[in-house]
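In: just coords:
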């Protein structure tokens, strides 16, 4: 007979394989954008999974899906979760692993308590945050932003996709919206793949997230003028796409200038008008972001980028407008949370290291309202937002084990009791 | 009482004002993309206009709209026309002026013959070519390409727009498709705004088009790989949008290198996948074109562009694929046609100059099958494919006058009789 650890691992891996079939793509990834048909399907499957194991399922007004285990009537909840939505042609692990790990960890802890007759201090809730990815509806981390009061509910519900469909309508379409207010949280825990290759490179199983990189994000609009691509003499062109292309290169050159800092820069989205092969673009909207673990680097990069606007405006005969500039500084996770999960990893014999997160996560919102633990497991070659995303089964299972112990301790007040 | 010239001018200007209301935009332009609702409306109005003046209206299988005046039973036709479709947020004059000028000119000539009792050698037909612009359905000059046998009917009807709607369905929707084979042509005449500023700069009323610039057009696909815009280290990125942006700059630098040739280069359309703010682009399709009045310049520019692919591929870690390369050389219009219209312009007291056309026109197709006359009138500031496109009323009317005389001579066999 298999031992208990083997059985638990197999259950996780089987469920992960089932979950990966929703919105599965030919390239081995998933396409489950927020409130899409595939997102609705996986949410129904997940509701069934939770209900079958004694969780009460509730949706709040922005489509966050909660599985509640109320063991101590009236007490706050330790929340744990991530997001099931994906990028178009995204990977199977990003978000989905964290939700499933949370569900299994919570279920294991509850079984353990039921067997031992223990009563925790807090209740347990698993959460599938709505629209973490932000690809169909902007902004990203929408569900946790509304839950933590960082975004107005109405603003979230009014956000619309390229086809003009609002979050409100899309959530109604998949029947994943309710009137629940969300559980009162005492602490939060999340696990995610690294989306980088540092853990893998160094053969480390667990990343203990201690802080976030700082980021500056811009929505820029390059204003030019329509003209005929063939007949308009070059000197008369006001080419918005030339200006936008120069911004793409300027961003990359900044990353080169600060390579050792490091600085990550990206432009990955443009909206080109009119986007016709025979009309010089009159307007290009683009998203540009700068990220660094070092606030000074980021501020300096920011200045150097703005300093290049004038040269670009002159060369392409355009105007560059900075529509919104969203930014955040380097922010720390709860140091006692890092210490707690470090000790637990040691007790499980899992190698670990403190790590920063470059990518945003729902935990980045949650850490500002309750003590929060954020864990990473390795991602092979650091491949992310790509169908080829892969994490070894052994790492998948080790993460669930550590999250289980973390939940147990959090539910007993590990980060909330005043020493 | 106003003289006859004043009355004729007013009729042209009134009709032009009426025509400009179809698909009128807030910015003073028009949006009448091929087989759109607005295109259907203007086509019905134009059918009525033609029928009220004794023309028989027919649509061929690709939606070309013909107004036929059969004065000599069984004889071939002198065709004259242009296109009513526009770019999105296009100008009022591009194409529409030529169609309306043709209709008025043909009507005037027919009235003149009716009054004098003259019988011409050929019949007259006004044509509104389908989809000259090529912005909704590719390629451009679709209607005249099918008419002249340069494109298969089936290929044209199967072309589809971004919403997946085919030409076949779109033409059926606006009820502008028939089974007419098109008239047998003896000669063709077209008038258009210059889409450049050379006539205006030099105070010349009429451009006598003697040749076309040569052009090379490419559909390029830059292949990268999806990854996370935040967490992926710069060295691991395969950024298709960076590669595409470098191509945009390379094209512009080529134009600078050959400024005196001259060389016009453009990239004005990109399709970016997945076009998400947090995913490095995996693929960008783009349209790039090079145009020059000098074939050697164009060939040299072409070589230099291709020579830059390797550097771009290396820098952005992408692959560049050349999907289609459509090109044409410098081509002449019928020299006797230039001479004919030059003499007629002189007789009307209109200043004139020989000129090359950079932009494609339906006349560029027609000149390969029948003797063709192509005329330009000035365009203020050379503004084109822009709502601000404008031509002075006096130039509008002078163009109709010259086209009228040209049609009269063509219908009498001016370019087709062997001397």
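Out: Received the coordinates, thanks. This structure is a prediction, so every number in the text was calculated from the model and none was measured.
In: counting neighbours, what do you get for residue A:3?
Out: Counted with other C-beta atoms under 10 Å in any protein chain shown, the burial measure for residue A:3 works out to 8 neighbours. For glycine as for every other residue, the C-beta is placed from the backbone atoms N, C-alpha and C.
In: could you measure it against residue A:9, distance?
Out: 10 Å (C-beta to C-beta, to the nearest Å).
In: so what secondary structure elements neighbour the lowest-mean-pLDDT helix or strand in chain A?
Out: When each helix and strand of chain A is scored by mean pLDDT, DSSP states H and E, strand A:319-328 comes last, with a mean of 84. Counting contacts by 3 or more C-beta pairs under 8 Å, 6 or more residues apart in numbering or on different chains; DSSP states H and E, strand A:319-328 is packed against strand A:214-223, helix A:295-316.
In: next secondary structure after it?
Out: Tracing the chain past strand A:319-328, the next element assigned as helix or strand by DSSP states H and E is strand A:331-332.
In: what packs against that following strand?
Out: Strand A:331-332 packs on strand A:206-212, going by 3+ C-beta pairs under 8 Å, 6+ apart.
In: relative to strand A:319-328, how tilted is the strand it packs on?
Out: In terms of direction (axes from the mean of the first three to the mean of the last three C-alpha atoms, to 10 degrees), strand A:206-212 departs from strand A:319-328 by 120 degrees.
In: figure out how far strand A:206-212 is from the centre of its chain.
Out: 14 Å (C-alpha atoms, centre = their mean, to the nearest Å).
In: show me the contact partners of it.
Out: Contacts to strand A:206-212, defined as C-beta atoms under 8 Å, 6 or more residues apart in numbering or on different chains, come from residues A:194, A:198-199, A:293, A:328, A:330-333, A:335, A:338, A:341-342, A:345, A:350-358, A:360, A:363-364, A:374-378, A:398-399, A:402.
In: recalculate using a threshold of 6 Å.
Out: A:194, A:199, A:330-333, A:338, A:341-342, A:345, A:350, A:352, A:354-357, A:364, A:374, A:376 (C-beta atoms under 6 Å, 6 or more residues apart in numbering or on different chains).
In: same thing with stretch A:344-364?
Out: A:129, A:132, A:141, A:144, A:190, A:192, A:195, A:204-213, A:291, A:293, A:372, A:374, A:398, A:401-402, A:405-406, B:228, B:230-231.
In: around chain B, which positions in chain A sit nearby?
Out: When proximity is defined by C-beta under 6 Å from any C-beta of the partner chain, chain A lies next to chain B at A:87-88, A:135, A:195-196, A:226-231, A:234, A:242, A:245, A:248-249, A:252, A:255, A:266, A:268-270, A:272, A:274-277, A:279-281, A:287, A:291, A:358-359, A:384-386.
In: buried ones among those residues?
Out: A:87-88, A:135, A:195-196, A:226-231, A:234, A:242, A:245, A:248-249, A:252, A:255, A:266, A:268-270, A:272, A:274-277, A:279-281, A:287, A:291, A:358-359, A:384-386 (16 or more other C-beta atoms under 10 Å in any protein chain shown).
In: distance check, residue A:16 against residue B:218.
Out: Noted for residue A:16: a distance of 44 Å to residue B:218, by C-beta to C-beta.
In: now stretch A:33-46: mean pLDDT?
Out: Stretch A:33-46 comes out with an average pLDDT of 97.
In: tell me which residues of that stretch come out buried.
Out: Neighbour-count burial for stretch A:33-46 [16+ other C-beta under 10 Å]: A:33, A:34, A:35, A:36, A:38, A:39, A:40, A:42, A:43, A:44, A:45, A:46.
In: turn the residues you listed into JSON lines, including secondary structure.
Out: Output for the buried residues of stretch A:33-46, formatted as JSON lines (DSSP: H, G, I helix; E, B strand; the rest coil):
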{"residue": "A:33", "secondary structure": "coil"}
{"residue": "A:34", "secondary structure": "coil"}
{"residue": "A:35", "secondary structure": "coil"}
{"residue": "A:36", "secondary structure": "coil"}
{"residue": "A:38", "secondary structure": "helix"}
{"residue": "A:39", "secondary structure": "helix"}
{"residue": "A:40", "secondary structure": "helix"}
{"residue": "A:42", "secondary structure": "helix"}
{"residue": "A:43", "secondary structure": "helix"}
{"residue": "A:44", "secondary structure": "helix"}
{"residue": "A:45", "secondary structure": "helix"}
{"residue": "A:46", "secondary structure": "helix"}
